[in-house]
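1. Only the shape, not the letters, is given here:
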């Protein structure tokens, strides 16, 4: 189980996460591995991934997408990231459910946070 947390204050935001993932093999094996759940998207925006370990790869892909599209403000990044994450989540669940029944352990959770330049 992953732990992700976000807090907002008058001076900014705080994001935190654990750094391990539990993976369950088709043969019933359990494997623990280190994982990076926090990804900086821009100097003023970041994303946390919780749930299945595949969230780490999705966050890396989102980071590359944000750089490729030259998105810098949270106001521009938010709608693009939501669309990106929606598609990535659908693809993840489609692939995952080919082999496993839908189960909460297979879900992904994201917290996208940032500071607006206009606020």
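-> Alright, I've got the coordinates. This is a predicted model, so every value here is computed, not measured.
2. Mind listing the strands the lowest-mean-pLDDT helix or strand in the chain pairs with, and their directions?
-> Lowest on mean pLDDT, DSSP states H and E among the helices and strands of the chain sits strand 20-24, with a mean of 79. In the sheet, strand 20-24 lines up against strand 30-34 (antiparallel) (DSSP bridges).
3. could you say what helices and strands whichever helix or strand comes after the partner strand packs with?
-> Toward the C-terminal end, the helix or strand that comes next after strand 30-34 (DSSP states H and E) is strand 38-42. Contacts defined by 3 or more C-beta pairs under 8 Å, 6 or more residues apart in numbering; DSSP states H and E place strand 38-42 against strand 12-17, strand 45-51, helix 54-68, helix 74-96, strand 108-114. Quick note: C-beta positions are derived from backbone N, CA and C, even for glycine.
4. Check whether the residue in the chain sticking out farthest from the centre sits in a helix, strand or coil.
-> Taking C-alpha atoms, centre = their mean as the measure, the residue most remote from the mean C-alpha position of the chain is residue 27, 27.0 Å away. Residue 27 falls in the coil class when you classify it by DSSP: H, G, I helix; E, B strand; the rest coil.
5. For residue 53, see how far away it is.
-> 17 Å (C-beta to C-beta, to the nearest Å).
6. Understood, closing this out.
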